[in-house]
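In: coords please:
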Amino acid sequence: METVLREFHVEDIRPYNRKSPLHWVLSHLMRYPHLPILMVVASLVNNTAYGNIQLYIGKSFDQVLRGPSGALVPLVLVIVASAVLQGLTGLVRNYSVETLAQRIERDCREEYYVSLLEKSQTFHGKQRVGDLMSRATYDVHALNLMFSPGLMLIVDSSLAYAIPMIMIARLHTSLLLVPILFTIVLVFTLLDYNRRLEPVSLAQQEQNGKLSAETEEILSGILTVKSNVQEKYELEKFLSDARVFRDYFIQQGIIQARYWPMLAFALSWGMSLLHGLYLWKTGAISLGTVIGFMGLFNTFRFVTYISLFSFNTVQHGMASAKRILEIINTQTELDQNLQGTRKKIEGSVEFDTVFFGYNGALVLKRINFFIQPGMTVAIVGGTGAGKTTLTRLINRTFDPVVGSVKIDGIDAKDWNLESLRSQIAFIEQDVFLFSRTIRENIAFGREDATEEEIRQAAQLAQAHEFICSLKDGYDTVVGDRGVTLSGGQRQRIAIARALLTDPRILILDDSTSAIDSRTEDEIQKAIRNASRNRTTFIITHRLSQIRWADRILVLKKGELVAQGTHEELMEVSEEYRKIFSILPKGKVYGIHS
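Out: Below is the predicted model of the structure:
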């Protein structure tokens, strides 16, 4: 059995057959076998009741022609009872298929969302967020519509064809002539219709995903668009793609306009009437039988018309299933390693001949160093030197191509991923806050944190004062990505969030870059206090932070060219001295990751 790699594991998750979109959809369907069975049984009784109505209308007509009789009353009662039964079974059919559709939509959305959480950062770095969101909303809902009303209409129309055919055969086998000819025409035209519709349906889904991705990008980068006066260009680009989306629907409309079965039905209906009257004229059947036959044949109108919509809905659903399964089946590079090491991290970090790259291009080359527990390490170097990438290898956001990263002497790959990451806090330069309250953002890594612990972490990060100055205090909703807060405020909340988890290894990626000088002094004191009992990596452009580090790593074009204390590097490292030789006072030039 193939081993599936995943960064995140959900206990007792139900396995589905992901061999193909059809297998996948059927495996979801068979999770609730009683619902499709109930739908089919209800539809069977529903269509039998409808056919019965047509037969007894014909029998009633013959009874009227024979003259007034009490025998007409039982026939009318059968018609009324059949109509009531048809209505009740219609409700059962609709309830069962709608319940099935809603459950499948829920299950597919859950499976898709879990698969996104399982994927590595490498995968997410290659995806467009808008397209992933389109699959999670538009495509998943298309699966709902594929079952209700799509599948229900196909099942219902199939039975609405089969049952009248049986009843027609019981009336008189000669009456099957025209229905059989019509069936042959219908089958061939439906096959051709689906063949032409399938690529158009898939193209519609892909283009919708592209439009969603572009919209998300523009809204996320609206400040950049306006700053560069690119509104007109982006509008023209969007309208161009929207026209392509429109054209696919026009293609669909042209295919549907050339749907010949409706014409075939009209001709067949006329031929059936002539054939029935001919058999009546020859005495083979009664006039009431002709009326019953035409009532039964008229059900084929529903079959013919609804196939235009139902098969289109199913085609859209299968195209969506293909797009969703494409993401779910994408393999990730990292595994959670459930049987891996689980213990408290002491804090030693070792890079042993580490090479790492993206898309075949090396970003880090031959990195070797060893950090003792509790040390504070500053990482310096020019833009693109690989500083952030290096720290991302510590918590296994990425794995090295060659070499190993060891935490407490154990290869990071041999740690349980959840245990490893839960003890490493990463404060990014571009802080991400959720559109939730400040309290929820600080406690994001510690759902069980008490109010006192949250406030203590905020005080340590020098955030408590400005939080209390807000109207709603810790209950203030910060808006999308924390847009209602300043850069410095966002970073202080991020620092509080990291400190609340009490990590064994703390990584700060230029995390004080947006803080004023007065606040910087206070935060640096707090960070130094917090760093005493944990290993700390600091990517910074501030000389004051670099000087008090126990070890400084100097990177240049992905290589570790020097390491040591500030005093040692000033004596032995030309690259380090070069950095300081072009310093504005108190700043390190070009050390912004």
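In: Ignoring the adjacent residues along the chain, who's closest to the residue nearest the centre of the chain?
Out: The centroid of the chain falls nearest to Ala136 when counting by C-alpha atoms, centre = their mean (3.5 Å). Distances taken as C-beta to C-beta, 6 or more residues apart in numbering place Tyr112 nearest to Ala136, at 5.9 Å, with adjacent residues excluded. Quick note: C-beta positions are derived from backbone N, CA and C, even for glycine.
In: picking up where we left off before, does the residue nearest to the centre of the chain touch Arg109 like I think?
Out: Yes - taking contacts as C-beta atoms under 8 Å, Ala136 lies within contact range of Arg109: 6.5 Å.
In: And the average pLDDT for the helix or strand harbouring Lys322 is what?
Out: Using DSSP states H and E, Lys322 sits within helix 299-328. Averaged over helix 299-328, pLDDT sits at 88.
In: hmm, back to that, which other helices and strands contact the helix or strand harbouring the residue nearest to Ala136?
Out: For Tyr112, the host element (DSSP H and E) is helix 72-118. Packing contacts for helix 72-118, counted by 3 or more C-beta pairs under 8 Å, 6 or more residues apart in numbering; DSSP states H and E, involve helix 21-29, helix 34-65, helix 140-145, helix 152-171, helix 299-328.
In: what stretches of the stretch 51-200 of the chain score poorly on pLDDT?
Out: 68-70 (pLDDT under 70).
In: One more pass at 90, please.
Out: 62-74, 114-138, 185-200 (pLDDT under 90).
In: gap between stretch 99-109 and the chain center?
Out: When distances are taken as C-alpha atoms, centre = their mean, to the nearest Å, stretch 99-109 is centred 14 Å away from the chain's centroid.
In: now do stretch 231-240
Out: Using C-alpha atoms, centre = their mean, the offset of stretch 231-240 from its chain centre is 27 Å.
In: ok, and what's touching that stretch?
Out: Residues outside stretch 231-240 that contact it (C-beta atoms under 8 Å, 6 or more residues apart in numbering) are Leu211, Glu214, Thr215, Ile218, Val225.
In: Just the buried residues out of those, in ChimeraX syntax.
Out: To isolate the buried ones among the contacts of stretch 231-240 in ChimeraX, judged by 16 or more other C-beta atoms under 10 Å, type:
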select :211,214,218,225
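In: could you dump the contacts of stretch 231-240 to JSON lines with secondary structure and pLDDT?
Out: Formatted as JSON lines, these follow (DSSP: H, G, I helix; E, B strand; the rest coil; pLDDT from 0 to 100):
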{"residue": "Leu211", "secondary structure": "helix", "pLDDT": "86"}
{"residue": "Glu214", "secondary structure": "helix", "pLDDT": "83"}
{"residue": "Thr215", "secondary structure": "helix", "pLDDT": "83"}
{"residue": "Ile218", "secondary structure": "helix", "pLDDT": "81"}
{"residue": "Val225", "secondary structure": "helix", "pLDDT": "79"}
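In: closest to Pro15 among the contacts of stretch 231-240?
Out: Leu211 (33.6 Å; C-beta to C-beta).
In: so that closest one sits right up against Tyr248, yeah?
Out: No - counting by C-beta under 8 Å, Leu211 does not reach Tyr248; the two are 11.3 Å apart.
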